[in-house]
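Trainee: I'll drop the sequence and a predicted model, then ask my questions.
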Amino acid sequence: MPLVTPISIAVFLSHPNQHFAVSFRALSQLPFINLRVYYHNTRGTTHSALDKDFGCSYTWDVPLCEGYSYEVLEPKQNPVDFAFFEIDSPRVAPVLDQFQPDIVWIFGYNHRMCIRAMNWAHKHRRAVFFISDAELIHHRSPFKLFLKKLIVPKLLKRCTRIITVGDNNENYYSHYGVSQIKMARGCLPIDLNTFHRGLASYATIRMKIRKELDVGKQDLLFSYCGKLIERKRPLDIVRASAIVKNSSLQFKLIIIGMGPMNEIIQQEISNLGLKQTVIQLGFKNQSEVPSLLMASDVAVMASESDPHPLSITESMACGTTAIISDKVGCIGKTDVLQDENTGLTYPCGNVQELSKCMLKLIHNRPLLAELRTKARVMAMSQGTETLIAAIFRSILTLDSEQYLKSQKCHAIQNIRDWVIKYDKVPCSDTLPLLNPLSAND
């Protein structure tokens, strides 16, 4: 059997996160891929970090730096706001000179570190793969739009391939001049293995958590999971709950998360007489969240700006449907939230319409069951295999003479075999589903 010279991929990311760490581990297990991840910092992973949006210090309780090769670059400064010049390191070029990757994979263009990596790739004629969750639907100032019109097309033109994560994301790239042939649909992956492990005891977990929260058997449990910050508009969900309470008592709302608006929300719950209906659970670590989502029926996201929130995808993987505002970026005909198919949408800021969506699912249990089932099927397509397939399809379309050396031909064949085996496998045939889903399962 011929010796396989692996294709080398250098990844640049500001810090470890629970979504991409799983994909990095999976790629590193493939003998025809040599992956190395470069982080600016490891906040919240190897040491506790203060997040001003959480309003507390945290350390993630799941392993994010295990199972793959990584290096923390020497930062120019410790980040406060994760601004462009804060996420930077003079070591980008030296580490790339040493590693000599075939592909440089960068996450967004809003950090100087990533621009340095892109510059190195162009200087050395290496492929640049790009991924972000950018969209066009949330409000931007005229000045910001002017700057983006000047800068973004030039940056995207320098990318060899772009991994897209949804309909609105693809619309963004098209708006700034990227052709469809340069894009490959992937996803922002969730850790499906975590949710699979919970399936075996789904009914037990669900019953236990709902009993602890004093949720009645016929009650719908709505959930909000995220930071309590203004752009996510959590007060809209509380106020909609007050309207719903006037028409139905068959529901409760749990709020998972912390942030600057915590006390404001507490006061609003008290003012609206919702202390028995809305439960604030505070900050919950990664290992605790899936059980709470399994106990829920409907995830709610009211944001005025939220590019592609993974809490919605994770909720769907746990068996919920979702109600989200029309300013949330995961809406689309082929995206995670398909209106009236995997969930419901409403005009952002319209609390009355949000309450109507909530009441619709309270009173129409067959619709709720249908949406939950379809939502879970969709969520099962948002895992690591989908992202890896997009990366591999992109590699197969590269000009091998320009970007890949001749000794990589066996690795290319391995990639082609992987795509043939995994890329077209329907998720419903390979992943367990909760079927059928009902309001009271």
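Mentor: Sure thing, it's come through.
Trainee: could I get the pLDDT score of the residue nearest to Leu192 when sequence neighbours are not counted?
Mentor: Nearest-residue entry for Leu192: Gly383, 4.0 Å, with adjacent residues in sequence omitted and distances by CB to CB, 6 or more residues apart in numbering. For every residue, glycine as well, the C-beta is placed using N, CA and C. The per-residue pLDDT reported for Gly383 equals 94.
Trainee: tell me how many other residues surround Gly383.
Mentor: Counted with other CB atoms under 10 Å, the neighbours of Gly383 add up to 24.
Trainee: list the contacts for it?
Mentor: When the contact criterion is CB atoms under 8 Å, 6 or more residues apart in numbering, the partners of Gly383 are Cys187, Pro189, Ile190, Asp191, Leu192.
Trainee: element containing Leu150?
Mentor: Using DSSP states H and E, Leu150 maps to helix 142-157.
Trainee: ugh, typo on my part, it should be Gln352
Mentor: helix 351-363.
Trainee: tell me the mean pLDDT over that helix?
Mentor: pLDDT averaged over helix 351-363 gives 97.
Trainee: now that helix: buried residues?
Mentor: Val351, Glu353, Leu354, Ser355, Lys356, Cys357, Met358, Leu359, Leu361, Ile362 (16 or more other CB atoms under 10 Å).
Trainee: ok, and what's touching it?
Mentor: Counting by CB under 8 Å, 6+ apart, 220, 222, 236-237, 239-241, 243-244, 247-248, 250-251, 297-298, 300, 302, 321, 323, 325, 344, 346-347, 367-368, 371 sit against helix 351-363.
Trainee: what's the following helix or strand after it?
Mentor: Past helix 351-363, the next helix or strand by DSSP H and E is helix 365-379.
Trainee: now do that next one against helix 351-363, angle only.
Mentor: 100 degrees (axes from the mean of the first three to the mean of the last three CA atoms, to 10 degrees).
Trainee: what comes up buried for helix 365-379?
Mentor: Those would be Leu368, Ala369, Glu370, Leu371, Arg372, Thr373, Lys374, Ala375, Arg376, Val377, Met378, Ala379, for helix 365-379 by 16+ other CB under 10 Å.
Trainee: my read: the last one touches Leu188, true?
Mentor: What it means is Ala379. No: counting by CB atoms under 8 Å, Ala379 sits too far from Leu188 to count as a contact (11.8 Å).
Trainee: find the residues that touch each one of these two.
Mentor: Thr313.
Trainee: where do the helices of the stretch 1-150 of the chain begin and end?
Mentor: 20-28, 92-99, 112-123, 142-157 (DSSP state H, counting those that start in this stretch).
Trainee: dump those helices into TSV; add mean pLDDT and mean neighbour count as well.
Mentor: Listed next are the helices of the stretch 1-150 of the chain as TSV, based on pLDDT from 0 to 100; neighbours: other CB atoms under 10 Å:
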stretch	mean pLDDT	mean neighbour count
helix 20-28	95	21
helix 92-99	96	16
helix 112-123	95	20
helix 142-157	94	12
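Trainee: for those helices, which one sits closest to Lys275?
Mentor: Among these, the nearest to Lys275 by CB to CB is helix 20-28 (38.3 Å).
Trainee: who touches that closest one?
Mentor: 9, 11, 13, 33, 35, 37, 63-70, 107, 189, 191, 193, 384-385, 387-388, 391.
Trainee: 10 Å instead?
Mentor: 9, 11, 13, 16, 33-37, 45, 60, 62-70, 107, 131, 186-194, 383-388, 391-392 (CB atoms under 10 Å, 6 or more residues apart in numbering).
Trainee: and those residues, which of them are in strands?
Mentor: Ile9, Val11, Leu13, Ile33, Asn34, Leu35, Arg36, Val37, Ser69, Tyr70, Phe107, Ile131 (DSSP state E).
Trainee: in contact with the last one, which residues?
Mentor: Right, Ile131. So Ile131 contacts 11, 13, 20, 105-108, 159, 161-165, 169, 184, 186-188, 387, 390-391 (CB under 10 Å, 6+ apart).
Trainee: ok, back up a step: make a PyMOL selection of the buried ones in the contacts of helix 20-28.
Mentor: A single PyMOL command selects the buried members of these (16+ other CB under 10 Å):
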select buried, resi 9+11+13+16+33+34+35+36+37+45+60+64+68+70+107+131+186+187+188+189+190+191+192+194+383+384+385+386+387+388+391+392
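Trainee: ok, the most centrally placed residue in the chain to Arg25 distance?
Mentor: The residue lying closest to the centre of the chain (CA atoms, centre = their mean) is Leu310, at 3.3 Å. In this view, Leu310 and Arg25 are 17 Å apart by CB to CB, to the nearest Å.
Trainee: also Tyr70?
Mentor: Taken as CB to CB, the span from Tyr70 to Arg25 is 11 Å.
Trainee: intersection of neighbour lists for these two?
Mentor: Joint contacts of Tyr70 and Arg25 (CB under 10 Å, 6+ apart) are Leu35, Leu64.
Trainee: helices or strands up against the helix holding Leu150?
Mentor: Judged by 3 or more CB pairs under 10 Å, 6 or more residues apart in numbering; DSSP states H and E, the packing partners of helix 142-157 are helix 112-123, strand 127-131, helix 167-175.
Trainee: that older thread, between the buried residues of helix 365-379, which sits nearest Gln29?
Mentor: Taking these together and measuring to Gln29 by CB to CB, the closest member is Ala379, at 23.3 Å.
Trainee: do I have it right that the closest one meets Ser315?
Mentor: Yes: contact criterion CB atoms under 10 Å: Ala379 and Ser315 qualify, at 8.2 Å.
Trainee: which neighbours do those two share?
Mentor: With CB under 10 Å, 6+ apart as the test, Ala379 and Ser315 both reach Ile190.
Trainee: so where's the stretch 1-150 of the chain uncertain?
Mentor: Scanning the stretch 1-150 of the chain for pLDDT under 70 picks out 1-3, 46-56, 58, 75-82, 85.
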